[in-house]
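K.L.:
this is the structure alone, sequence omitted:
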Ligand code: CMP
């Protein structure tokens, strides 16, 4: 076990539906510490840069449009094995395939409006954290 950081984004649907409190409660009850927080409305270019790895995918333009459609809450979380534990709590990308009790099963409405993002590896977590936060903003 190792203490690790990951990046999560409560997406526009989660913010709009009023799920911020419920999602943070799940995270804190599961022993994630919030190390940084920022609420932003992403520009198209900021969302496109964040999801650049998906730029060849058919859903890229819709994803960028959606992620810049309203405010998002971006958090840096720290916990033992944070990357994989967060992804377990989030559930599958498609909420129809997500396990009972997971965040996406509870709150998400579609594969696009899937309420929450979580880094997929420790290496990408470092890149994603650096995309949104500088050293002074991390406690
Ligand atoms: P996320 O974990 O933030 O990473 C990439 C996002 O692209 C993913 O969540 C979904 O919101 C979105 N996504 C992935 N696959 C599809 C798909 N087949 N159709 C639409 N959006 C998708």
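P.N.:
Done, it's in. Bear in mind that the values here come from a model prediction, so they are computed numbers and not experimental data.
K.L.:
which bits of the protein sit near the ligand?
P.N.:
Along the chain, the residues adjacent to the ligand under the rule C-beta under 6 Å from any ligand atom are 54, 59, 63, 93, 111-112, 114, 117. All C-beta spots, glycine's among them, are computed from the backbone N, C-alpha and C.
K.L.:
show me these that map onto helices.
P.N.:
residue 63 (DSSP state H).
K.L.:
out of the residues of the chain next to the ligand, which one sits closest to residue 80?
P.N.:
Comparing those against residue 80 with C-beta to C-beta places residue 117 closest, at 20.6 Å.
K.L.:
tally of neighbours for the closest residue to that closest one other than its chain neighbours?
P.N.:
Leaving aside its chain neighbours, residue 117 sits nearest to residue 9 (4.1 Å; criterion: C-beta to C-beta, 6 or more residues apart in numbering). Neighbour count for residue 9, taken as other C-beta atoms under 10 Å: 23.
K.L.:
list the beta-bridge partners for residue 9.
P.N.:
Beta bridges link residue 9 to residue 74, residue 117 when assigned by DSSP bridges.
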